[in-house]
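> After the sequence you'll find the predicted model.
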Amino acid sequence: MKSGAWNFTQLFVNGERRNRPRLPKSGYFKVAGFAGFDPNGKYNTPMNKFNYAEGDIRPNWTNIQDIETIVLHFWVDTHLQIAGIDEATKTVTFDRFSRRKFTDDHSSKGARYYLSNIYKALDTPGEFYLNAKTGVLHYIPKPGEDLEKAEVIAPRLSSLVRFAGNPKSGQFVDHISLQGLTFSDVEWQLPKKDGGDTQAAEMVPAVISAEGARNCAIRDCVVRNSATYGIELGSGCKENQIIRNELCNLGAGGIKLSGGGVGSPEAEQTAKTQITDNHIHDCGQIFHSAVGILLRHSAGNTVAHNHIHHLYYTAISIGWVWGYKPSISRDNIVEFNHIHDIGQKVLSDMGGIYMLGVSPGTVIRNNLLHDIDSWGYGGWGIYTDEGSSEIVIENNVVYRTKSGGFHQHYGRENIVRNNVFALAREEQVARSRAESHVSFTFERNIVYFAEGPLLGKNWKDDKFKLDYNVYFHAGGKPIAFPGGTFQDWKKRGFDQNSIIADPMFNDPAKGDFSLKPDSPAFKLGFKAIDISKVGPRK
């Protein structure tokens with residue numbers, strides 16, 4: 001360790017993650033100034049320094065270059081090592097650039113940040129500090145922890161299993177299964193000069209990775225206690241299975257798929273993976289923007305009956321093309337997943353299920369999503385972002401979100417039908433951008449709420465279709481529509497057959513959004529949604 005050959009950032013005691021000491025102990029510091037940069041510039045203005053408030057950073061701390069600064073902004077987290085501190089101007093300079101400016105989302109205020117690996121802050125049971133210069137590991141045991149008997153693991157390896165096909169040369173790995181195994185204790189650190197602030201932490205590798213894998217399976221395994229993603233299927237992977245696994249306590253996300261994009265050789269394209277009945281939880285421990293299940297350039301996959309919870313960003317993300325350009329991502333089925341406790345007030349601009357780009361044949365159905373909460377803007381249930389198009393969203397139950405049950409930034413010809421959107425705090429259904437084509441058709445949905453407007457953001461044109469919906473304010477208050485009353489809205493040609501009426505849920509306060517037999521929604525063609533089958537099957 002003293003030689004620098006083994007500088008680990010993680011420690012596990014009796015199978016549990018131990019944390020490096022951080023400041024502040026809870027909550028965050030705020031960037032106090034921008035050290036010459038324009039805070040009103042573009043959000044992707046690169047920066048490598050900022051001003052800190054008196055006392056937040058001290059130049060006399062031990063091994064100041066080993067302290068990690070984690071800045072939270074928008075939908076990413078930047079990881080920076082300190083290069084120097086000017087105490088006179090209260091300026092900290094880093095050894096690498098952030099891809100984003102150090103502001104809090106789309107404001108000119110300073111972003112939140114915290115500091116990790118501070119020897120001076122080592123004062124809480126369960127914390128450790130590795131002095132990279134002396135090679136000494138400092139650890140404060142938890143109450144009742146006997147270090148003479150404890151299993152203490154400091155990881156060395158950055159991955160454990162690799163399926164090493166070579167799609168470019170036509171070499172594939174076929175018919176290999178991993179079953180009933182446990183994979184744990186994996187270390188990984190960002191390359192020098194990389195701040196790690198890309199969407200979904202997609203640059204982070206995985207404990208188990210594959211290229212050119214065909215008809216392979218990972219079943220009934222446990223992947224835990226890692227700095228990385230759990231499983232990654234890369235270029236040329238097809239017809240594989242990821243079934244009944246538990247992926248937990250991971251530094252990044254659970255599962256990610258990615259292959260060749262449009263125009264790439266067929267052998268390099270990734271498709272037709274079954275991702276079912278997995279339990280993915282307590283991820284994003286290091287890279288907070290990581291995703292539970294990330295499908296980047298991949299088609300024809302089934303993501304079903306998974307239980308995904310306690311992440312700091314999105315649970316399921318589909319697509320990797322911004323706007324209306326051609327995309328490999330299509331024909332993906334996302335169904336019967338149980339998603340909850342996502343976001344947890346750490347990052348912004350996220351959703352339980354998030355989509356990017358044109359995706360014909362993709363269906364989001366029969367999912368249960370609840371308790372989704374962002375830091376700033378954008379804690380949505382189902383979120384069609386940047387050009388999401390030709391997607392069917394049906395038979396989902398979404399409730400207790402911060403920003404809305406459904407939000408479309410921009411896209412075309414999506415179908416949103418037979419869903420329950422309930423009890424969002426800010427808005428219920430949102431549409432951000434007006435375009436020349438039809439954004440979406442919104443029909444036979446139930447929207448039930450107690451605060452915020454029914455329809456948020458931009459409804460100024462007529463490029464959307466709404467009808468046969470049931471709207472109800474749980475407090476019995478009149479519902480305002482864009483431009484006036486419900487009758488004014490109908491005169492514009494929308495919701496001609498929709499009603500304002502109590503949908504008659506059985507117990508919405510306890511999350512039971514099943515309908516009583518005499519619900520008025522049935523008269524409009526709404527079909528009962530059975531959520532008893534969501535999550536992993538026994």
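Looks like it arrived, so ask away. Computed from a predicted model, the values in this text were never measured in an experiment. Residues are numbered from 1 along each chain as shown.
> residue closest to the middle of this protein?
The chain has residue 314 as the residue nearest its centroid, 1.9 Å off, counting by CA atoms, centre = their mean.
> So that residue versus residue 379, what's the distance?
10 Å (CB to CB, to the nearest Å). For every residue, glycine as well, the C-beta is placed using N, CA and C.
> again with residue 215
Distance from residue 215 to residue 379, by CB to CB: 39 Å.
> Need the residues touching each of residue 314 and residue 379.
Counting by CB atoms under 8 Å, 6 or more residues apart in numbering, the common neighbours of residue 314 and residue 379 are 350-351.
> one step back: quick one: which of residue 215 and residue 379 has more around it?
Legend: neighbour count by other CB atoms under 10 Å for residue 215 and residue 379, higher for residue 379 (29 against 14).
> Report pLDDT for the more buried one.
What the model reports as pLDDT for residue 379 is 97.
> contacting residues around the nearest residue to it once chain neighbours are set aside?
Distance criterion CB to CB, 6 or more residues apart in numbering; nearest residue to residue 379, sequence neighbours excluded, is residue 402 at 3.3 Å. Residues near residue 402 by CB under 8 Å, 6+ apart: 343, 372-374, 379-380, 424-426.
> Also residue 382?
Applying CB under 8 Å, 6+ apart, the residues near residue 382 are 351-353, 364, 369, 393, 396, 398, 405-407.
> That one sits in which helix or strand?
strand 379-394 (DSSP states H and E).
> just the angle between the helix or strand following that strand and strand 379-394, please?
Following strand 379-394 in sequence order, the next helix or strand is strand 397-401 (DSSP H and E). Angle, strand 397-401 to strand 379-394, by axes from the mean of the first three to the mean of the last three CA atoms, to 10 degrees: 170 degrees.
> Quickly run through the sheet partners of strand 397-401, with directions.
Strand 397-401 has its sheet partners listed here by DSSP bridges as strand 368-372 (parallel), strand 420-422 (parallel).
> before we move on, the earlier item: quick one, what contacts the residue nearest to the centre of the chain?
Contacts of residue 314 by CB under 8 Å, 6+ apart are 200, 291-292, 342, 350-354, 383.
> In strands, which of those residues fall?
342, 350-354, 383 (DSSP state E).
> Tabulate those (CSV), appending distance to residue 254, pLDDT and neighbour count.
Converted to CSV, those look like this (distance: CB to CB, whole Å; pLDDT from 0 to 100; neighbours: other CB atoms under 10 Å):
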residue, distance to residue 254, pLDDT, neighbour count
342, 12, 98, 30
350, 15, 97, 32
351, 16, 97, 32
352, 14, 98, 30
353, 14, 99, 28
354, 15, 98, 26
383, 19, 98, 27
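> Closest one of those to residue 52?
Proximity of these to residue 52, judged by CB to CB, is greatest for residue 350, which lies at 27.2 Å.
> Now do the same contact list for that closest one.
Here residue 350 is in contact with 75, 313-314, 342-343, 372, 374, 378-380, 383 (CB under 8 Å, 6+ apart).
> Could you dump those residues into JSON lines with distance to residue 471 added?
Below are the contacts of residue 350 laid out as JSON lines (distance: CB to CB, whole Å):
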{"residue": "75", "distance to residue 471": "30"}
{"residue": "313", "distance to residue 471": "30"}
{"residue": "314", "distance to residue 471": "27"}
{"residue": "342", "distance to residue 471": "26"}
{"residue": "343", "distance to residue 471": "26"}
{"residue": "372", "distance to residue 471": "21"}
{"residue": "374", "distance to residue 471": "24"}
{"residue": "378", "distance to residue 471": "23"}
{"residue": "379", "distance to residue 471": "22"}
{"residue": "380", "distance to residue 471": "19"}
{"residue": "383", "distance to residue 471": "21"}
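> Could you identify the most distant pair in the residues you listed?
Greatest spatial distance among these (CB to CB): 75 and 372, at 13.8 Å.
> Looking at these two, which one has more neighbours?
The neighbour comparison of residue 75 against residue 372 (other CB under 10 Å) goes to residue 372, with 32 against 22.
> ok, now which ones touch that one?
If you count contacts by CB under 8 Å, 6+ apart, then residue 372 has 339-340, 342-343, 350-352, 379-381, 400-402 around it.
> Kindly recompute the last result at 6 Å.
Shown in contact with residue 372 (CB atoms under 6 Å, 6 or more residues apart in numbering): 342-343, 352, 379, 381, 401.
> still on that earlier bit, can I get the contacts of residue 382 in TSV including distance to residue 498?
TSV is the format used below for the contacts of residue 382 (distance: CB to CB, whole Å):
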residue	distance to residue 498
351	25
352	25
353	25
364	22
369	23
393	18
396	19
398	19
405	16
406	16
407	20
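> List just the nearest of those to residue 68.
Distances from residue 68 to the contacts of residue 382, taken by CB to CB, are shortest for residue 351, at 28.1 Å.
> before we move on, back to that, with the contacts of residue 372 in mind, which one is nearest to residue 58?
residue 343 (32.1 Å).
> how much space between that closest one and residue 250?
To residue 250, residue 343 is 17 Å away according to CB to CB.
> Likewise for residue 450?
Residue 450 sits 36 Å away from residue 250, taking CB to CB as the criterion.
> So for these two, which residue has more residues nearby?
residue 250 (31 against 15).
> tell me which element the residue nearest to the more buried one when sequence neighbours are not counted falls in.
Spatial nearest neighbour of residue 250, chain neighbours left out: residue 283 (4.5 Å); criterion: CB to CB, 6+ apart. Using DSSP H and E, residue 283 sits in no helix or strand.
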